[in-house]
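1. missing the sequence, but the structure's below:
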């Protein structure tokens with residue numbers, strides 16, 4: 001393991017354990033909105049580990065669990081806060097943010113996170129904020145799940161207890177596999193593969209993650225994704241590709257905005273494309289934008305201009321306005337960046 005990169009795992013584990021030893025109530029773990037395999041994997045894995053220390057812990061979510069995640073049996077771990085009244089009543093002694101660092105990325109449930117000053121952050125995004133012993137932010141890491149696995153290993157050393165059960169290992173492996181694109185993305189490093197191997201030795205299975213996150217599709221997802229692909233536009237000699245998905249298209253196929261997740265990656269994989277941009281209209285009228293790129297394009301440089309974030313090769317933001325006008329604006333920014 002590259003000690004210069006991951007050396008803070010021991011410090012974070014000590015800090016977390018000290019905080020947990022003082023907890024007499026509940027610990028809430030928070031993830032970013034538009035949940036993915038890494039945020040839910042890191043959160044639920046860490047939740048299982050904390051519960052094995054005898055402490056009540058829950059993963060707070062502000063949206064329904066996606067169908068492709070149901071094989072993980074999340075009901076045991078998640079605490080859905082789906083309305084304003086539930087959010088107002090919720091509180092905890094210690095809050096932990098994984099795969100994000102700010103309440104603004106958590107959606108409405110971020111208000112609960114903001115209530116509590118006793119915090120820990122584990123993240124791997126370049127745009128993450130936070131310093132001190134309560135933060136473990138490593139942009140070089142493949143995923144938040146990989147980082148949470150290392151912290152959990154340190155907690156085992158500190159307590160002398162076996163904390164990483166088969167269930168926790170499955171969650172951590174799910175996050176690693178999904179955030180590395182089945183170990184195909186450039187964020188895969190030797191430490192990542194070693195962590196995945198260790199998790200499989202602990203009982204985690206890789207095949208269900210591959211199937212449910214990458215192969216399985218609902219009929220609605222298949223139809224809306226196919227229709228969305230027909231809106232593809234290629235600019236700058238095919239280097240900049242973009243797709244728009246309107247509410248009308250989602251309504252036509254009775255689909256939701258989370259059912260076109262793989263479209264942006266597939267668009268990026270088209271021959272000659274350097275950056276892919278997918279814009280989709282949400283039910284509240286806002287527009288979710290996802291970027292994927294190849295070297296040398298910096299996705300996060302554009303996403304942060306719209307209060308978004310992410311990684312060099314994968315980022316996102318939420319904007320407002322006419323979807324086609326926003327497409328033109330973002331495409332033009334991408335073209336300028338590539339010139």
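-> Yes, it's here. Keep in mind the model is a prediction, meaning the values are calculated, not measured.
2. For residue 227, give me its contacts.
-> Residue 227 makes contact with 249, 252, 253 under the criterion C-beta atoms under 8 Å, 6 or more residues apart in numbering. (Glycine included, C-beta is placed from N, CA and C.)
3. What are the buried residues along the helix or strand where it lies?
-> Using DSSP states H and E, residue 227 falls within helix 219-229. Neighbour counts over helix 219-229 (16 or more other C-beta atoms under 10 Å) mark 220, 221, 223, 224, 225, 227, 228 as buried.
4. Stretch 255-265 now?
-> Neighbour-count burial for stretch 255-265, counted by 16+ other C-beta under 10 Å, picks out 255, 256, 257, 258, 259, 260, 261, 263, 264, 265.
5. Let's see which of the contacts of residue 227 end up in helices.
-> Judged by DSSP state H, the contacts of residue 227 include 249, 252 as members of helices.
6. which one of the buried residues of helix 219-229 sits closest to residue 10?
-> Proximity of the buried residues of helix 219-229 to residue 10 (C-beta to C-beta) peaks at residue 221, which lies at 42.1 Å.
7. from memory that closest one sits against residue 255, does it?
-> Yes - using C-beta atoms under 8 Å, residue 221 makes contact with residue 255 at a distance of 6.4 Å.
8. mind listing what residue 179 touches?
-> Residue 179 neighbours (C-beta under 8 Å, 6+ apart): 36, 37, 38, 142, 143, 144, 145, 185, 187.
9. any idea how far it lies from residue 258?
-> Residue 179 is 16 Å from residue 258, where distance means C-beta to C-beta, to the nearest Å.
10. Same check on residue 203?
-> Applying C-beta to C-beta to residue 203 and residue 258 gives a distance of 29 Å.
11. returning to what we had before: now distance to residue 238 and pLDDT too, for the buried residues of helix 219-229, in JSON lines please.
-> Listed next are the buried residues of helix 219-229 as JSON lines, based on distance: C-beta to C-beta, whole Å; pLDDT from 0 to 100:
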{"residue": "220", "distance to residue 238": "30", "pLDDT": "92"}
{"residue": "221", "distance to residue 238": "26", "pLDDT": "90"}
{"residue": "223", "distance to residue 238": "26", "pLDDT": "94"}
{"residue": "224", "distance to residue 238": "24", "pLDDT": "93"}
{"residue": "225", "distance to residue 238": "21", "pLDDT": "92"}
{"residue": "227", "distance to residue 238": "22", "pLDDT": "94"}
{"residue": "228", "distance to residue 238": "18", "pLDDT": "93"}
